[in-house]
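*Asks:* coords please:
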Amino acid sequence: MDTTVPMLLITANVGSIFEDPDNMLTSWVAEFLKVVTEKRPLFMAMHCQEVGGKNYETCMAHVNDLVKLLLGSEELQCYNRLRVYLDEDFRPADKFTALGNFYFIHKDLDNITLWDFDESKFVPVNDKQIHAGSIEEITTKEKDKFPQHFFPDHKWSRKGFIRTRWCINSRVFDLINIHLFHDASNLVAMETTPSTFRDSRERAFDYLLNRFETDRYQTAPHFIFGDFNFRLDAQSVVQRLTTQTTPVYVKTSKNELKKIMYQEKGNEEKIVLTIEKKLFDHGDKHTEAFIVDNGKWLEEFDNELQPFQDRLAEYPHHFPPSYPYSEDIRDGVVYMKTRLPAWCDRVFFSHSAKQLIDEKEELVYSVIGPEVCMGDHKPIYLSFHLFCGAAAGEARALPASPKLSSTLADGITVNGTQFTERIANLNIHSNLAFLIVPELNMAEAFRTSFGNEKQKKRHVESGRKGSSKRILHASYSGHSSGSDSDDEVSESELIFEKGTSNLASQKACSDKARESNCKQAHKIKGEALEKKGHDAKPISTKDGKGEDAEHDGLCNCSACRLM
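*Replies:* Okay, here's the model as predicted:
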């Protein structure tokens with residue numbers, strides 16, 4: 001008789017939590033851990049997209065905070081083996097995907113191995129390994145970006161896949177993290193059915209499935225879960241919402257369509273729906289219309305999987321569209337009025353993989369944090385039991401799994417280096433030179449940041465709210481963000497906001513850079529006080545013995561506290 005293993009597969013577009021880690025990171029992890037505690041899987045896979053956020057050059061450092069929160073949590077101490085793959089090196093535009101794969105193996109799960117794509121064999125999984133930064137040379141995963149001609153306008157963005165292959169008790173299966181193209185404009189999306197954006201996604205997804213079916217690795221049952229960016233048939237949904245309205249078209253001076261307003265017939269003052277490039281506003285009924293009864297009325301317009309139904313399947317989703325939720329930390333059940341809500345985040349599986357799911361056991365396909373702000377995407381999970389005994393003649397279709405060592409390695413390996421200290425001291429970026437933030441003249445940058453009216457306005461508005469938030473936006477010229485949430489940030493734009501009592505220093509991504517920034521910010525603050533005529537003591541980073549205090553990544557000073 002087949003044995004079964006409790007499994008938990010999660011897909012999470014995490015871009016938002018790195019943009020506002022102070023407010024979102026801990027609550028996000030808490031909701032994630034609630035599901036882990038409830039389901040108690042022996043094998044858990046979490047596939048993340050937009051690792052590091054939209055402003056990845058400056059927010060990538062917060063990925064380390066997420067890793068520390070996860071590894072340091074009490075709930076995950078029973079998972080004594082780990083594999084993490086974080087594609088964080090944003091310099092090569094043709095390779096960077098911002099994908100992150102996390103795999104946790106419970107201490108009670110035996111005989112699990114991982115495929116080496118170079119050696120074409122399974123290798124033991126006896127320890128905890130984290131691969132961060134550039135992961136191109138790591139052979140226990142396959143990573144690639146879609147060819148450039150698949151991208152809309154042939155412009156690179158963070159879209160691609162990471163595949164791993166696992167074997168539990170001779171049962172072989174693939175786990176694939178994927179991020180497909182988004183809808184760049186609501187107006188364009190509703191022009192045709194299917195939309196041009198859907199066509200782009202379909203071509204890229206078909207290419208990927210064909211690749212898995214024809215490459216040199218024998219095809220295995222596979223689970224594909226990620227941000228597919230699948231959208232509803234916008235044209236049909238709009239027609240349904242506007243049956244008793246009259247459209248009003250607003251154009252630019254260049255005769256380009258800028259906005260469509262649907263006025264209620266007989267009442268021109270009532271606008272039922274407004275659509276712009278990045279606005280989809282159904283007025284007072286906006287959230288209610290899409291979230292009521294888990295958005296059941298929208299299912300007939302959710303049809304992007306149809307061309308692949310002979311190759312993939314999905315369980316019914318009894319939850320509202322997973323995107324785009326408000327990023328307001330105080331509200332987790334309201335949709336932003338930016339896009340037509342849709343089930344972007346999904347867990348699909350091949351028909352051969354479906355045969356591995358024990359449907360007599362508990363099976364849950366649902367959302368994490370349904371009433372809590374989790375960012376603009378709600379994480380989606382599939383909890384099930386996997387048959388792990390191979391059928392007669394099936395197990396030897398792929399190379400047999402090697403026997404495992406009975407001894408587990410101590411500590412964690414980060415990019416090949418053994419780490420045996422406290423989790424609080426973990427820095428997965430310590431040797432990544434491209435993430436070190438250069439030392440800045442903060443006082444001069446602060447003064448010049450007020451060089452235009454837009455920045456002055458933002459500073460005044462933030463001051464009225466009593467904000468002490470630090471902002472540093474930068475865009476790497478090799479990439480488009482590929483994100484729906486905001487317009488792209490202009491290259492090298494720097495915006496500094498003055499805190500309540502000091503100039504805030506941008507958090508560096510290595511201990512050395514963090515210490516340098518701390519001292520620089522302290523020095524600037526002291527100089528500023530002296531210029532104002534205050535009898536201020538010099539601000540020092542010396543410890544009680546007169547030596548330079550060590551900065552282990554957890555400095556709590558106002559200039560470089562852990563964000």
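
*Asks:* quick one, phi psi at Val414?
*Replies:* phi -110, psi 110 (degrees, to the nearest 10).

*Asks:* in contact with the residue nearest to Val364 when sequence neighbours are not counted, which residues?
*Replies:* Of all residues beyond its chain neighbours, the one nearest Val364 is Ser383 (4.4 Å), with distances taken as C-beta to C-beta, 6 or more residues apart in numbering. Glycine gets a C-beta too; all of them are placed from N, C-alpha and C. Applying C-beta atoms under 8 Å, 6 or more residues apart in numbering to Ser383 gives the contacts Pro6, Met7, Leu8, Leu9, Val35, Lys39, Pro41, Glu362, Leu363, Val364, Tyr365, Ser366.

*Asks:* same check on Leu426?
*Replies:* Leu426 is in contact with Asn64, Val67, Lys68, Leu71, Ile412, Val414, Phe419, Gly553, counting by C-beta under 8 Å, 6+ apart.

*Asks:* what do you get for Asp174?
*Replies:* Going by C-beta under 8 Å, 6+ apart, Asp174 touches Arg163, Thr164, Arg165, Trp166, Phe212, Ala220, Pro221, His222, Phe223.

*Asks:* which pLDDT value goes with the last one?
*Replies:* Yep, that's Phe223 we're talking about. Confidence at Phe223, expressed as pLDDT, is 98.

*Asks:* could you say which helix or strand holds the residue lying closest to it once chain neighbours are set aside?
*Replies:* What sits nearest to Phe223 in space, not counting adjacent residues and going by C-beta to C-beta, 6+ apart, is Phe349, at 4.7 Å. Using DSSP states H and E, Phe349 falls within strand 345-350.

*Asks:* show me what that strand is packed up against.
*Replies:* strand 4-13, strand 222-227, strand 312-313, strand 380-387 (3 or more C-beta pairs under 8 Å, 6 or more residues apart in numbering; DSSP states H and E).

*Asks:* which parts of the longest one are buried?
*Replies:* Put plainly, it is strand 4-13. Counting neighbours by 16 or more other C-beta atoms under 10 Å, one finds that the buried residues in strand 4-13 are Thr4, Val5, Pro6, Met7, Leu8, Leu9, Ile10, Thr11, Ala12, Asn13.

*Asks:* please apply the same query to the second one.
*Replies:* Buried residues in strand 222-227, counting neighbours by 16+ other C-beta under 10 Å, are found at His222, Phe223, Ile224, Phe225, Gly226, Asp227.

*Asks:* contacting residues around the helix or strand just after that strand?
*Replies:* Once the chain leaves strand 222-227, the next helix or strand it forms, by DSSP H and E, is helix 234-241. Defining contact as C-beta under 8 Å, 6+ apart, one finds that helix 234-241 is touched by 183, 186, 189-193, 195, 262, 272-273, 275, 282, 289, 298, 301, 340.

*Asks:* what mean pLDDT does helix 234-241 get?
*Replies:* Here the average pLDDT along helix 234-241 is 97.

*Asks:* can I get it in CSV, CA atoms only?
*Replies:* Provided in CSV are the C-alpha atoms of helix 234-241 (Å, rounded to 0.1, in the frame of the first residue of the first chain):
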residue,chain,number,x,y,z
ALA,A,234,-11.6,42.4,-19.2
GLN,A,235,-13.7,43.3,-22.2
SER,A,236,-16.5,40.9,-21.1
VAL,A,237,-16.4,41.9,-17.4
VAL,A,238,-16.7,45.6,-18.3
GLN,A,239,-19.7,44.8,-20.5
ARG,A,240,-21.3,43.0,-17.6
LEU,A,241,-20.6,45.9,-15.2
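
*Asks:* how about low-confidence regions in this protein?
*Replies:* By pLDDT under 70, the low-scoring segments of the chain are 1, 154, 390-410, 436-563.

*Asks:* 80 instead, please
*Replies:* Scanning the chain for pLDDT under 80 picks out 1-2, 153-156, 389-411, 433-563.

*Asks:* where do the helices sit along it?
*Replies:* Remark: helices assigned in the chain by DSSP state H are 15-19, 21-39, 56-59, 62-72, 186-189, 196-214, 234-241, 286-291, 351-354, 442-448, 453-464, 511-531.

*Asks:* can you give the contact residues for the fifth one?
*Replies:* Same thing as helix 186-189. 183, 195-197, 231, 234, 257, 260, 275-280, 339-340.

*Asks:* C-alpha coordinates for it, PDB please?
*Replies:* Output of helix 186-189 as PDB, limited to C-alpha atoms (Å, rounded to 0.1, in the frame of the first residue of the first chain):
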ATOM      1  CA  ASN A 186      -6.300  48.400 -18.500                       C
ATOM      2  CA  LEU A 187      -7.300  50.300 -21.700                       C
ATOM      3  CA  VAL A 188      -5.300  48.000 -23.900                       C
ATOM      4  CA  ALA A 189      -6.400  44.800 -22.000                       C
END
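
*Asks:* chain center to that helix, what's the gap?
*Replies:* 24 Å (C-alpha atoms, centre = their mean, to the nearest Å).
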